[in-house]
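> quick one, what's the 3D model for this:
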Amino acid sequence: MGSEGPKAVTIHVTGFKKFQGVAENPTETIVNNLKDYVEKRGLPSGVTLGICTVLETAGVGALPQLYQTMESGVSKTDTASNKQVLWLHLGVNSGAFKFAIEKQAVNEATFRCPDELGWQPQQVPIAPEDGGISRTKETSVPVEAILKFLQKGGYDVMISDDAGRFVCNYVYYQSLRFAEQKGNKSLFVHVPLFSRIDEETQMRFAASLLEAIASTC
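Purely as a prediction, here's the structure:
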């Protein structure tokens, strides 16, 4: 199988809009500028940057937007050509000083404040049919390999086992479920505020992250 070369991959990317305590979400800027940035920089052979969209920072109320976005990213062409489809979700951790690759999501919605559509669940299963709030779903993306790739590029990055319980975890859990059903992959990465790591470095990181995914998936 190794003689066939790397499998072609389409990477769809999402970020989030503002939310309580974060008036300017860096992931909104990153995702809105990513296509132009990688066009100038170039992507590895076989890699296509697909949908780049910014989601409302909300849970259940924003599910139709999330599902519509993800359904539109699953093309019959990709399926027929055996092309890998990967969803990359970017979220901000306002208290962080480094990038974090999220290994898993938990089937629990416990929001510390209302989301942007006013929902504030407490210890609610995201998908009741999956079981209780202690259930987890782990990404099938090789996070250790991605970590090493990015560290070689000089980025301050770590692997995290806890994406929180707010909207980031909520979207990640839903995305992992969707990816399982469609035969895709899903990955969530937290970034710091621009005041902690500047915008240009974060844009370079996002482009390097696409390269890391392409080289390991």
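
> now the end-to-end length of stretch 92-104.
Stretch 92-104 has its terminal residues 16 Å apart, counting by C-alpha to C-alpha, to the nearest Å.

> now do the helices in the protein.
26-41, 63-72, 76-80, 143-152, 167-182, 199-216 (DSSP state H).

> okay, those helices in JSON lines with distance to Q120 next?
Where you see a C-beta, it was placed from the backbone N, CA and C, and this is true even at glycine. Formatted as JSON lines, those follow (distance: least, C-beta to C-beta, whole Å):
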{"stretch": "helix 26-41", "distance to Q120": "22"}
{"stretch": "helix 63-72", "distance to Q120": "16"}
{"stretch": "helix 76-80", "distance to Q120": "37"}
{"stretch": "helix 143-152", "distance to Q120": "30"}
{"stretch": "helix 167-182", "distance to Q120": "11"}
{"stretch": "helix 199-216", "distance to Q120": "29"}
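
> ranking those helices by burial, who's on top?
Ranked by mean neighbour count, those are led by helix 167-182 with a mean of 22 (mean count of other C-beta atoms under 10 Å).

> what sits opposite the residue sitting nearest the centre point of the chain in the beta ladder?
By C-alpha atoms, centre = their mean, the mean C-alpha position of the chain lies nearest to H89, the distance being 1.6 Å. H89 forms beta bridges with T14, F188, as assigned by DSSP bridges.

> quick one: residues contacting it.
V13, T14, G15, C168, V171, Y172, S175, S186, L187, F188, V189 (C-beta atoms under 8 Å, 6 or more residues apart in numbering).

> pLDDT score assigned to it?
At H89, the model reports a pLDDT of 98.

> enumerate every residue touching the nearest residue in space to E211 that is not next to it in sequence.
In space, and not counting its chain neighbours, E211 is closest to P44: 5.8 Å by C-beta to C-beta, 6 or more residues apart in numbering. Neighbour list for P44: E211, A214, S215 [criterion: C-beta under 8 Å, 6+ apart].

> which one of these is nearest to I146?
S215 (8.6 Å; C-beta to C-beta).

> give me the distance between the closest one and K185.
Per C-beta to C-beta, to the nearest Å, S215 is found 14 Å from K185.
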